[in-house]
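*Asks:* have a look at this prediction, sequence included:
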Amino acid sequence: MDFNTIMAILVWTGSGALLLFILMFVDSLFTRYKDFEEVKAGNMAVTTRLVLKLLAQGYILSASISTSNNLLDAIMVSIISFLILLVLEAIVRVLLRVWAKLELDVGTQQGKIGYGLFAGSLHLVGALIITACL
């Protein structure tokens, strides 16, 4: 491994970590509760949801990096994928609220782990579908 490879790994990893932090922060703005406050308070449902969403975004970033030679392209794929998943999650939330009378945000905030798993798995499944297209 030469110096340029090591530097590339550092730049790609640092950029990826920063992007994931920003995406998780933006995601926390779209919930009806304060994600990080709930995590600090020990709410395992919120923690589970957040971890699954982080895993999904990390997987998308990993796949986009492995298929791209350009850092900006990989970052753009991750951002666009995040937006797609955010919209799809909002649509599914509405459908679940109307059809199943299931409030994912409320149940997750109340600490119901099943709700957090369900909400987080929506992103994980979306990530698998998106990365199949890369």
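*Replies:* Yep, it's here.
*Asks:* separation between the most centrally placed residue in the chain and residue 86?
*Replies:* Closest residue to the average C-alpha location of the chain: residue 53 at 3.2 Å, with CA atoms, centre = their mean. Noted for residue 53: a distance of 10 Å to residue 86, by CB to CB, to the nearest Å. Quick note: C-beta positions are derived from backbone N, CA and C, even for glycine.
*Asks:* between these two, what contacts are shared?
*Replies:* Common neighbours of residue 53 and residue 86, using CB atoms under 8 Å, 6 or more residues apart in numbering, are residue 27.
*Asks:* once you drop chain neighbours, what's closest to residue 27?
*Replies:* Once flanking residues are discounted, residue 27 sits nearest to residue 53: 6.1 Å by CB to CB, 6 or more residues apart in numbering.
*Asks:* quickly note the distance from the one you found to residue 71.
*Replies:* 22 Å.
*Asks:* can you check residue 103 too?
*Replies:* 39 Å.
*Asks:* who's in contact with residue 134?
*Replies:* Residue 134 is in contact with 63, 64, 67, 77, counting by CB under 8 Å, 6+ apart.
*Asks:* nice, that's everything, thank you.
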